[in-house]
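Trainee: Next come a sequence and a model predicted from it.
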Amino acid sequence: MKESCEPLQARGGRPVARPRIGAEIRTVFRGPKVLTLDELGRRLAVSRRTVMRRLVEHGYFSSYNLRGRFLTIREVAAFDSRGLWVWNAARFSEHGTLKETARRFIEVAERGLTHEELAETLGVRVQNALLQLVEEKKVERKKLGPSFVYLDVKRIVARKQIRERSVFLEENRKAKPTSRQVIAVLLELIHDPKARREDIVSRCEHAGVEMSAAIVEAVFETYDLDKKRAPSRFSTS
(Lines give C-alpha, C1' and ligand atoms only; values in the text may rest on other atoms or scores of the structure.)
Protein backbone atom coordinates (compact mmCIF):
# COMPACT_ATOMS: atom_id res chain seq x y z
CA MET A 1 0.00 0.00 0.00
CA LYS A 2 1.47 3.32 -1.11
CA GLU A 3 1.87 5.84 1.64
CA SER A 4 0.31 9.23 1.09
CA CYS A 5 2.67 12.19 0.86
CA GLU A 6 -0.01 14.60 2.05
CA PRO A 7 0.51 16.38 5.42
CA LEU A 8 -0.81 14.63 8.49
CA GLN A 9 -4.41 15.56 9.29
CA ALA A 10 -5.55 16.38 12.80
CA ARG A 11 -9.18 16.09 13.90
CA GLY A 12 -11.17 18.72 12.09
CA GLY A 13 -9.14 18.38 8.90
CA ARG A 14 -6.41 20.89 9.73
CA PRO A 15 -2.93 19.89 8.51
CA VAL A 16 -0.30 19.15 11.13
CA ALA A 17 3.36 19.81 10.35
CA ARG A 18 5.49 16.66 10.43
CA PRO A 19 8.25 16.90 13.08
CA ARG A 20 11.85 16.96 11.95
CA ILE A 21 13.20 13.49 11.17
CA GLY A 22 16.07 13.63 13.68
CA ALA A 23 13.90 14.79 16.56
CA GLU A 24 11.21 12.30 15.67
CA ILE A 25 13.58 9.33 15.61
CA ARG A 26 15.32 10.34 18.82
CA THR A 27 11.98 10.73 20.59
CA VAL A 28 10.71 7.30 19.63
CA PHE A 29 13.91 5.66 20.96
CA ARG A 30 13.83 7.67 24.19
CA GLY A 31 11.92 4.96 26.05
CA PRO A 32 12.98 1.57 24.74
CA LYS A 33 16.52 1.86 23.40
CA VAL A 34 16.00 -0.99 20.96
CA LEU A 35 13.01 -1.54 18.68
CA THR A 36 11.98 -3.71 15.76
CA LEU A 37 10.90 -2.30 12.42
CA ASP A 38 7.25 -3.14 13.15
CA GLU A 39 7.40 -1.48 16.56
CA LEU A 40 8.87 1.65 14.98
CA GLY A 41 6.13 1.66 12.36
CA ARG A 42 3.44 1.56 15.01
CA ARG A 43 5.05 4.28 17.12
CA LEU A 44 5.60 6.58 14.13
CA ALA A 45 2.31 5.63 12.49
CA VAL A 46 3.96 5.11 9.10
CA SER A 47 4.75 2.19 6.81
CA ARG A 48 7.81 -0.03 7.14
CA ARG A 49 9.18 1.54 3.97
CA THR A 50 8.92 5.02 5.43
CA VAL A 51 10.47 3.87 8.70
CA MET A 52 13.49 2.58 6.82
CA ARG A 53 13.80 5.78 4.83
CA ARG A 54 13.78 7.86 8.01
CA LEU A 55 16.28 5.56 9.71
CA VAL A 56 18.63 5.79 6.75
CA GLU A 57 18.34 9.58 6.73
CA HIS A 58 19.04 9.75 10.47
CA GLY A 59 21.54 6.90 10.82
CA TYR A 60 20.96 3.65 12.69
CA PHE A 61 22.41 0.28 13.71
CA SER A 62 20.83 -3.15 13.29
CA SER A 63 21.74 -6.04 15.58
CA TYR A 64 24.44 -8.31 14.21
CA ASN A 65 22.64 -11.26 15.75
CA LEU A 66 18.98 -12.33 15.74
CA ARG A 67 18.90 -11.78 11.96
CA GLY A 68 19.32 -8.03 12.33
CA ARG A 69 15.77 -7.76 13.66
CA PHE A 70 16.54 -5.16 16.33
CA LEU A 71 17.39 -1.53 15.63
CA THR A 72 18.87 1.37 17.57
CA ILE A 73 20.50 4.77 17.05
CA ARG A 74 23.81 6.22 18.20
CA GLU A 75 22.16 8.65 20.64
CA VAL A 76 21.01 5.78 22.87
CA ALA A 77 23.59 3.06 22.15
CA ALA A 78 26.38 2.77 24.72
CA PHE A 79 29.21 1.25 22.68
CA ASP A 80 32.27 0.15 24.63
CA SER A 81 35.90 0.79 23.67
CA ARG A 82 35.72 -2.09 21.19
CA GLY A 83 32.65 -0.66 19.49
CA LEU A 84 30.27 -3.28 20.93
CA TRP A 85 27.02 -2.89 22.82
CA VAL A 86 24.56 -5.46 24.19
CA TRP A 87 20.95 -4.70 25.03
CA ASN A 88 19.21 -7.72 26.48
CA ALA A 89 19.64 -10.40 23.76
CA ALA A 90 20.44 -7.96 20.95
CA ARG A 91 24.07 -7.29 20.06
CA PHE A 92 25.25 -4.23 18.14
CA SER A 93 28.52 -3.12 16.60
CA GLU A 94 29.75 0.26 15.43
CA HIS A 95 31.44 -1.62 12.62
CA GLY A 96 28.15 -2.83 11.12
CA THR A 97 27.28 -6.43 10.28
CA LEU A 98 28.72 -9.50 11.93
CA LYS A 99 30.98 -10.09 8.92
CA GLU A 100 32.33 -6.54 8.92
CA THR A 101 32.78 -6.63 12.69
CA ALA A 102 34.71 -9.91 12.47
CA ARG A 103 36.95 -8.46 9.75
CA ARG A 104 37.66 -5.35 11.81
CA PHE A 105 38.52 -7.35 14.94
CA ILE A 106 40.86 -9.61 12.95
CA GLU A 107 42.63 -6.63 11.39
CA VAL A 108 43.47 -5.03 14.74
CA ALA A 109 44.24 -8.24 16.70
CA GLU A 110 47.94 -8.33 17.63
CA ARG A 111 48.20 -12.08 17.10
CA GLY A 112 45.21 -12.66 14.84
CA LEU A 113 42.18 -14.51 16.14
CA THR A 114 40.97 -18.08 16.24
CA HIS A 115 37.33 -18.92 15.64
CA GLU A 116 36.88 -19.63 19.35
CA GLU A 117 38.47 -16.35 20.45
CA LEU A 118 36.32 -14.28 18.11
CA ALA A 119 33.12 -16.14 19.02
CA GLU A 120 33.80 -15.53 22.72
CA THR A 121 34.37 -11.81 22.12
CA LEU A 122 31.30 -11.27 19.94
CA GLY A 123 29.05 -13.66 21.85
CA VAL A 124 27.73 -15.41 18.72
CA ARG A 125 28.71 -18.13 16.26
CA VAL A 126 31.04 -16.69 13.62
CA GLN A 127 31.99 -19.71 11.50
CA ASN A 128 29.90 -18.75 8.47
CA ALA A 129 31.06 -15.13 8.57
CA LEU A 130 34.70 -16.26 8.72
CA LEU A 131 34.29 -18.65 5.80
CA GLN A 132 32.75 -15.87 3.71
CA LEU A 133 35.58 -13.49 4.60
CA VAL A 134 38.17 -16.08 3.54
CA GLU A 135 36.32 -16.81 0.28
CA GLU A 136 36.09 -13.09 -0.46
CA LYS A 137 39.82 -12.74 0.35
CA LYS A 138 39.12 -10.16 3.03
CA VAL A 139 41.03 -12.15 5.68
CA GLU A 140 43.68 -14.87 5.57
CA ARG A 141 43.62 -18.19 7.40
CA LYS A 142 46.67 -20.11 8.58
CA LYS A 143 47.17 -23.15 10.81
CA LEU A 144 49.28 -22.06 13.75
CA GLY A 145 49.64 -24.48 16.63
CA PRO A 146 46.50 -26.53 17.24
CA SER A 147 44.06 -24.10 15.56
CA PHE A 148 43.43 -22.07 12.44
CA VAL A 149 44.19 -18.40 13.00
CA TYR A 150 42.51 -15.63 10.99
CA LEU A 151 44.85 -12.85 9.89
CA ASP A 152 44.83 -9.50 8.13
CA VAL A 153 45.12 -9.73 4.33
CA LYS A 154 47.92 -7.16 4.35
CA ARG A 155 51.13 -9.20 4.36
CA ILE A 156 53.14 -6.89 6.59
CA VAL A 157 50.39 -6.98 9.24
CA ALA A 158 49.87 -10.73 8.88
CA ARG A 159 53.59 -11.44 9.36
CA LYS A 160 53.57 -9.48 12.61
CA GLN A 161 50.41 -11.30 13.77
CA ILE A 162 52.05 -14.65 13.02
CA ARG A 163 55.14 -13.71 15.05
CA GLU A 164 52.99 -12.62 17.99
CA ARG A 165 50.91 -15.80 17.79
CA SER A 166 54.07 -17.93 17.76
CA VAL A 167 55.35 -16.20 20.89
CA PHE A 168 51.96 -16.68 22.55
CA LEU A 169 51.90 -20.39 21.70
CA GLU A 170 55.42 -20.90 23.04
CA GLU A 171 54.58 -19.15 26.30
CA ASN A 172 51.51 -21.32 26.76
CA ARG A 173 53.08 -24.56 25.59
CA LYS A 174 54.12 -25.69 29.06
CA ALA A 175 51.59 -27.50 31.17
CA LYS A 176 49.82 -25.45 33.83
CA PRO A 177 49.04 -27.50 36.96
CA THR A 178 45.89 -26.86 38.93
CA SER A 179 46.14 -26.16 42.65
CA ARG A 180 44.90 -29.69 43.35
CA GLN A 181 47.62 -31.19 41.16
CA VAL A 182 50.31 -29.07 42.83
CA ILE A 183 49.17 -30.17 46.29
CA ALA A 184 49.05 -33.83 45.19
CA VAL A 185 52.63 -33.73 43.88
CA LEU A 186 53.95 -31.98 46.99
CA LEU A 187 52.19 -34.45 49.29
CA GLU A 188 53.74 -37.39 47.43
CA LEU A 189 57.19 -35.83 47.87
CA ILE A 190 56.56 -35.30 51.57
CA HIS A 191 55.69 -38.97 51.91
CA ASP A 192 58.58 -40.06 49.70
CA PRO A 193 61.20 -37.33 49.05
CA LYS A 194 63.08 -39.62 46.64
CA ALA A 195 60.05 -40.55 44.55
CA ARG A 196 60.62 -40.65 40.82
CA ARG A 197 58.43 -38.57 38.53
CA GLU A 198 56.75 -41.62 36.99
CA ASP A 199 56.00 -42.94 40.49
CA ILE A 200 54.36 -39.61 41.40
CA VAL A 201 52.18 -39.77 38.28
CA SER A 202 51.09 -43.31 39.06
CA ARG A 203 50.36 -42.63 42.73
CA CYS A 204 48.41 -39.44 42.05
CA GLU A 205 46.26 -41.11 39.43
CA HIS A 206 45.67 -44.04 41.82
CA ALA A 207 44.48 -41.47 44.38
CA GLY A 208 42.02 -40.03 41.85
CA VAL A 209 43.99 -36.95 40.82
CA GLU A 210 44.46 -36.49 37.07
CA MET A 211 48.19 -36.31 36.44
CA SER A 212 50.76 -36.44 33.65
CA ALA A 213 54.53 -36.34 33.32
CA ALA A 214 54.27 -32.79 31.92
CA ILE A 215 52.28 -31.63 34.95
CA VAL A 216 54.77 -33.15 37.39
CA GLU A 217 57.65 -31.55 35.49
CA ALA A 218 55.92 -28.17 35.63
CA VAL A 219 55.51 -28.47 39.42
CA PHE A 220 59.17 -29.41 39.80
CA GLU A 221 60.25 -26.40 37.71
CA THR A 222 57.93 -23.95 39.46
CA TYR A 223 59.10 -24.89 42.96
CA ASP A 224 62.68 -25.83 42.02
CA LEU A 225 62.14 -29.21 43.66
CA ASP A 226 65.14 -30.98 42.14
CA LYS A 227 67.45 -28.52 43.86
CA LYS A 228 65.56 -28.60 47.15
CA ARG A 229 65.61 -32.37 47.47
CA ALA A 230 69.23 -32.77 46.33
CA PRO A 231 71.43 -34.05 49.20
CA SER A 232 73.69 -31.46 50.77
CA ARG A 233 77.40 -32.02 50.12
CA PHE A 234 77.92 -31.44 53.87
CA SER A 235 75.49 -34.16 54.90
CA THR A 236 76.79 -37.29 56.55
CA SER A 237 75.60 -40.77 55.93
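Mentor: Thanks, I have the structure now.
Trainee: got the contact list for stretch 127-138?
Mentor: Here stretch 127-138 makes contact (C-beta atoms under 8 Å, 6 or more residues apart in numbering) with Leu98, Lys99, Ala102, Arg103, Ile106, His115, Leu118, Val139, Glu140, Arg141, Tyr150, Val153. Bear in mind the C-beta positions are built from the backbone N, C-alpha and C, glycine included.
Trainee: rerun that using 6 Å as the cut-off
Mentor: Here stretch 127-138 makes contact (C-beta atoms under 6 Å, 6 or more residues apart in numbering) with Leu98, Lys99, Ala102, Arg103, Val139, Arg141.
Trainee: other SSEs contacting the strand or helix carrying the fourth one?
Mentor: Remark: Arg103 resides in helix 98-108, with elements defined by DSSP states H and E. In this structure, helix 98-108 makes packing contacts with helix 127-135, judged by 3 or more C-beta pairs under 6 Å, 6 or more residues apart in numbering; DSSP states H and E.
Trainee: let's see 8 Å
Mentor: Judged by 3 or more C-beta pairs under 8 Å, 6 or more residues apart in numbering; DSSP states H and E, helix 98-108 is in contact with helix 115-122, helix 127-135, strand 139-144, strand 147-152.
Trainee: coming back round to it: can you check the contacts of stretch 127-138 and name whichever has the most neighbours?
Mentor: Ala102 (28 neighbours; other C-beta atoms under 10 Å).
Trainee: quick one: contacts for that residue?
Mentor: Counted by C-beta under 8 Å, 6+ apart, Ala102 has contacts Leu118, Leu122, Val126, Ala129, Leu130, Leu133, Val139, Tyr150.
Trainee: Glu205 now?
Mentor: So, once contact is read as C-beta under 8 Å, 6+ apart, Glu205 ends up touching Met211.
Trainee: buried ones in the helix or strand that contains it?
Mentor: Per DSSP H and E, Glu205 falls inside helix 197-206. Within helix 197-206, the residues that qualify as buried by neighbour count (16 or more other C-beta atoms under 10 Å) are Ile200, Val201, Arg203, Cys204.
Trainee: One more: stretch 59-66?
Mentor: Tyr60, Phe61, Ser62, Ser63, Tyr64, Asn65.
Trainee: In JSON lines, list those residues along with distance to Lys160, pLDDT and secondary structure.
Mentor: Below are the buried residues of stretch 59-66 laid out as JSON lines (distance: C-beta to C-beta, whole Å; pLDDT from 0 to 100; DSSP: H, G, I helix; E, B strand; the rest coil):
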{"residue": "Tyr60", "distance to Lys160": "36", "pLDDT": "95", "secondary structure": "coil"}
{"residue": "Phe61", "distance to Lys160": "31", "pLDDT": "97", "secondary structure": "strand"}
{"residue": "Ser62", "distance to Lys160": "33", "pLDDT": "97", "secondary structure": "strand"}
{"residue": "Ser63", "distance to Lys160": "33", "pLDDT": "97", "secondary structure": "coil"}
{"residue": "Tyr64", "distance to Lys160": "27", "pLDDT": "98", "secondary structure": "coil"}
{"residue": "Asn65", "distance to Lys160": "31", "pLDDT": "97", "secondary structure": "coil"}
